[in-house]
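# make a model of this:
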Amino acid sequence: LGSDNETVYVRVEDSATGCYSVTTQLLRVTQGPVAITPTPLERCDPNNDGFEVFDLTLATNQIAGGSVPPGVTVTYHETPTDALLGSNPILGPYPNIEPNQQTIYVKVFYTTTGCSNYVQLELIVNPTPEATEPTDYHLCDYTGAVGYESFDLTSKITEILGSINAATHTVTFYTDLPQAQLGTGNITNVTAYINGTID
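Sure thing, here's the model as predicted:
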């Protein structure tokens, strides 16, 4: 077995005369860059067309093992051949060209040694559930507190989900749009919610 910086001897012989010469070949094992297969980049798809825009650089530090060391470059490519040759690197925000899921080929190149490693990055576009706007929820006023009643919001979940699978989706309720968009401060007493406004 050899090791870095090993010298092997090469004999070149003329088979007709038996004359020969000997030269040397130095074998070097140079350091290759770290290249770790990253977790997929995922985006939600508001219009459910299978396409979104990705910031590929979000995967760079993970690929490089924490941070990109000096002398190492990480480039992204649409094909394995482009990655191998370092051709046509993807620059800037990248709109996927294959719907729903696409493989990007990543080249990690160490300029000091000329060594490269290669990994793949998966881009995943997740469909956005399309809720059905439910019909108005009416209750008769029996409490005596005019305009206020106890609403069981869960009674509308089936209508809201429509054909969406209830086993894989959750429904939460909010009192304002910004909280609903952030997914924070949801109504907790959904089976007995007292409305806060008088119609």
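
# and the pLDDT for Arg11?
pLDDT for Arg11: 85.

# likewise for Thr103?
98.

# secondary structure element for it, which one?
When elements are assigned from DSSP states H and E, Thr103 belongs to strand 101-110.

# can you check Ser116 too?
strand 115-127.

# and the next helix or strand past that strand?
Using DSSP H and E, the next helix or strand after strand 115-127 towards the C-terminus is strand 150-151.

# what strands flank that following strand, and is each parallel or antiparallel?
According to DSSP bridges, the neighbouring strands of strand 150-151, each with its direction, are strand 193-194 (antiparallel).

# quick one: low-confidence parts of the chain?
Within the chain, the stretches with pLDDT under 70 are 1-4, 28-31, 143-145, 197-199.

# just the strands in it please.
According to DSSP state E, the chain carries its strands in the segments 6-13, 20-27, 41-45, 53-54, 72-77, 94-95, 101-110, 115-127, 150-151, 193-194.

# check contacts around the residue nearest in space to the middle of the chain.
Nearest residue to the geometric centre of the chain (Cα atoms, centre = their mean): Leu41, 0.6 Å. Listed by Cβ atoms under 8 Å, 6 or more residues apart in numbering, the contact partners of Leu41 are Phe54, Asp55, Leu56, Leu58, Ala59, Leu121, Glu122, Leu123, Ile124. Yep, even glycine has a C-beta here, placed from its N, CA and C like the rest.

# what about the fifth one, how many neighbours?
Think Ala59. Residues near Ala59, counting by other Cβ atoms under 10 Å, number 24.

# swap in the one 10 residues further on?
By other Cβ under 10 Å, 12 other residues sit near Pro69.

# name the nearest residue to it, ignoring sequence neighbours.
Nearest in space to Pro69, with sequence neighbours left out and distances taken as Cβ to Cβ, 6 or more residues apart in numbering, is Pro33 at 7.5 Å.

# for Gln120, see how far away that neighbour is.
Counting by Cβ to Cβ, to the nearest Å, the separation of Pro33 from Gln120 is 16 Å.

# between those two, who's got more neighbours?
Between Pro33 and Gln120, counted using other Cβ under 10 Å, the more crowded position is Pro33 (23 against 13).

# list the contacts of that one.
Under the criterion of Cβ under 8 Å, 6+ apart, the contact list for Pro33 reads Ala64, Pro69, Val72, Val108, Phe109, Tyr110, Cys115, Ser116, Asn117.

# what about the third one, neighbour count?
Per other Cβ under 10 Å, the neighbour tally for Val72 reads 20.

# now it, which residues is it bridged with?
Following DSSP bridges, Val72 is listed with bridge partners Tyr110.

# that one contacts Ala64, doesn't it?
Yes: taking Cβ atoms under 8 Å as the definition, Val72 is a contact partner of Ala64 at 6.5 Å.
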